[in-house]
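*Asks:* Build me a structure from this.
(one chain, ligands or ions: 2)
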Amino acid sequence: MSVSSHAGKFSAPPTDAAGRIPLIGLSLAEMQAALALHKLPGFRAKQVWHWIYQRGARDFASMANLPKEMRELLAEKYSIARPKVMTEQRSADGTIKWLLSMSDGQLVETVFIPEAKRGTLCVSSQVGCTLTCKFCHTGTQPLVRNLGAHEILQQIMHARDILGEWPQSGEKQSNEGRDLTNIVMMGMGEPLYNYDNVAGALKICMDADGLAISKRRITLSTSGVVPQIRQCGEELGVNLAISLHATTDEQRSAIMPINNKYPLAELLEACRTYPGVSDIRRITFEYVMLQDVNDTDEDAKRLTELLRGIPCKVNIIPFNSWEGSGFTCSTKDRIDAFARILENSGYDAPVRRARGRDILAACGQLKSASLRVKKVHAEITEK
Ligand code: SAH
Ligand code: SF4
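*Replies:* Numbers count the residues shown, from 1 in each chain. Ligands and ions are numbered 1, 2, ... in the order given. Next up is the predicted model:
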């Protein structure tokens, strides 16, 4: 499916049920243009922007330095509301999973994973996924739609609300003391098939006057949509993670149909030439361990050859099984042996440990009761 074919019926609705246009997700210039339609000068948009992204305002009424009529006008025509929280689950390991309902009732999951020195929010880019990777539960659900830039940002802003991380009046945005420090676009969906909305959201996320989360702390994971990889590096400069999962075209095409469109050689070339890639800005390759599919010593050796010359590390992910998948996770011994071969060739190859298993927040664990419920990928690197 082409990127452009995701427009139109796959898009987020342009307004909420009450006909209000989302202001979240507009660039400052776009916000200025929108408010100019009401004869409001540029500095007013700057004030609104400041309230939304630096103070976390959830309604216009609280924007104390705006004239009352302006606040009323904005409240009538525009929305800065958060999604509705359908459920919140907290794992014994501290992981929090929210099921959020967007303005049209579409459901999206977002997972917060606290660690010792950082906290990572796993953000969704689509409801469902058009790709059909065989080991991924999301791949069995038809795409319902792309998320809008506002809905991607709303997931992050909601987490900040709950974690109480908006600066007080006069305070500068800073990572100091924040629990939510990192963003991974690793929830449901293929972010590079919803590039414009993901890019719009991430630009505001990394803007020092926006949510002020540095691009060094943002990672985008893709199954390998080659044409958008370079664009992502050039325009956004975020960290790149590639769902590799196989070492030959035959093997990869069998479990990831996107490989028929963008085979390994093209994908790895895009990685080799990813703008800004270096030994201090390495690409992460994700490799899910599937018994008797991709987990032999030969696979590990082939992987060391394939990745040669690319500044990278390999995240080894034990497969999270789901009913009817037809796959089994490799044994612990096999996973360790696989990792050892990579490490002996000089690669960092940590084995990820699933987080939030008890609340079904780990990769592939969520079984959707309806087409609208999604699964998330909440895993972190084993320390
Ligand atoms: N669509 C993007 C973003 C999702 S990231 C991508 O595919 O990269 C989620 C990660 O979890 C991907 O690396 C995906 O391949 C992996 N994954 C999917 N299903 C899994 C499962 N059942 N067990 C372990 N990892 C899985
Ligand atoms: Fe989509 Fe990623 Fe799952 Fe593949 S692994 S089906 S691209 S979400």
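
*Asks:* and Val238, what is it in contact with?
*Replies:* Taking C-beta atoms under 8 Å, 6 or more residues apart in numbering, we find Val238 in contact with Leu202, Met206, Lys215, Ile218, Thr219, Leu220, Cys232. C-betas here are computed from N, CA, C, even on glycine.

*Asks:* isn't the second one right up against Glu235?
*Replies:* This points to Met206. No - using C-beta atoms under 8 Å, Met206 is not in contact with Glu235; the gap is 11.1 Å.

*Asks:* Output the contacting helices and strands for the longest helix seen in the chain.
*Replies:* If you go by DSSP state H, the chain has its longest helix at helix 149-163. Helices and strands touching helix 149-163, by 3 or more C-beta pairs under 8 Å, 6 or more residues apart in numbering; DSSP states H and E, are strand 96-101, strand 107-114, strand 119-122, helix 195-206.

*Asks:* Save these as CSV, and put in distance to Val226 too.
*Replies:* Putting the helices and strands packed on helix 149-163 into CSV (distance: least, C-beta to C-beta, whole Å) gives the following:
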stretch, distance to Val226
strand 96-101, 31
strand 107-114, 27
strand 119-122, 24
helix 195-206, 12
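
*Asks:* And the ones you listed: which comes nearest Asp249?
*Replies:* Evaluated over the helices and strands packed on helix 149-163, closeness to Asp249 peaks at helix 195-206, with 24.7 Å, by C-beta to C-beta.

*Asks:* Can the following helix or strand past that closest one be said to contact ligand 1?
*Replies:* Downstream of helix 195-206, the next assigned helix or strand under DSSP states H and E is strand 218-222. Yes - residues of strand 218-222 contacting ligand 1 under C-beta under 6 Å from any ligand atom: Ser221, Thr222.

*Asks:* So which elements touch strand 218-222?
*Replies:* Strand 218-222 makes packing contacts with strand 182-185, helix 195-206, helix 226-235, strand 239-243, strand 283-289 when contacts are defined by 3+ C-beta pairs under 8 Å, 6+ apart.

*Asks:* could I get those as CSV with mean pLDDT?
*Replies:* Below are these laid out as CSV (pLDDT from 0 to 100):
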stretch, mean pLDDT
strand 182-185, 97
helix 195-206, 98
helix 226-235, 97
strand 239-243, 98
strand 283-289, 98
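
*Asks:* Just send the ones you listed back as a markdown table, with mean neighbour count and distance to ligand 1 too.
*Replies:* Below are the helices and strands packed on strand 218-222 laid out as a markdown table (neighbours: other C-beta atoms under 10 Å; distance: least, C-beta to the nearest ligand atom, whole Å):
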| stretch | mean neighbour count | distance to ligand 1 |
| --- | --- | --- |
| strand 182-185 | 24 | 7 |
| helix 195-206 | 23 | 11 |
| helix 226-235 | 18 | 12 |
| strand 239-243 | 23 | 3 |
| strand 283-289 | 24 | 4 |
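
*Asks:* quick one: which of those is nearest Ala354?
*Replies:* Using C-beta to C-beta, the helices and strands packed on strand 218-222 put strand 283-289 closest to Ala354, at 11.7 Å.

*Asks:* neighbouring strands for that closest one, and are they parallel or not?
*Replies:* The strands beside strand 283-289 in its sheet (DSSP bridges) come out as strand 239-243 (parallel), strand 312-318 (parallel).

*Asks:* can you list contacts of the last one?
*Replies:* The set of residues external to strand 312-318 that reach it, using C-beta under 8 Å, 6+ apart, is 241, 271, 282-289, 303, 307, 329-330, 335, 338-339, 342, 347-352, 354, 363, 379, 381.

*Asks:* and the residue most central in space within the chain, what are its bridge partners?
*Replies:* For the chain, the residue nearest the mean C-alpha position is Met185 (1.4 Å; C-alpha atoms, centre = their mean). Going by DSSP bridges, Met185 is paired in beta bridges with Leu220.

*Asks:* neighbours of Gln106, just the number please.
*Replies:* By other C-beta atoms under 10 Å, 19 other residues sit near Gln106.

*Asks:* Skipping its backbone neighbours, what lies nearest it in space?
*Replies:* Val127 (5.0 Å; C-beta to C-beta, 6 or more residues apart in numbering).

*Asks:* My guess is that neighbour contacts Val144. True?
*Replies:* Yes - counting by C-beta under 8 Å, Val144 is a contact partner of Val127 at 4.1 Å.

*Asks:* more neighbours, those two?
*Replies:* Taking neighbours as other C-beta under 10 Å, Val127 and Val144 compare with Val127 leading, 27 against 19.

*Asks:* okay, now Ala29: neighbour count?
*Replies:* Residues lying near Ala29 (other C-beta under 10 Å) number 10.

*Asks:* Not counting sequence-adjacent ones, nearest residue to whichever residue of the stretch 151-300 of the chain sits closest to ligand 2?
*Replies:* Relative to ligand 2, the nearest point of the stretch 151-300 of the chain is Ser223 (3.6 Å; C-beta to the nearest ligand atom). Excluding the flanking residues, the one nearest Ser223 by C-beta to C-beta, 6+ apart is Ser243, at 4.7 Å.
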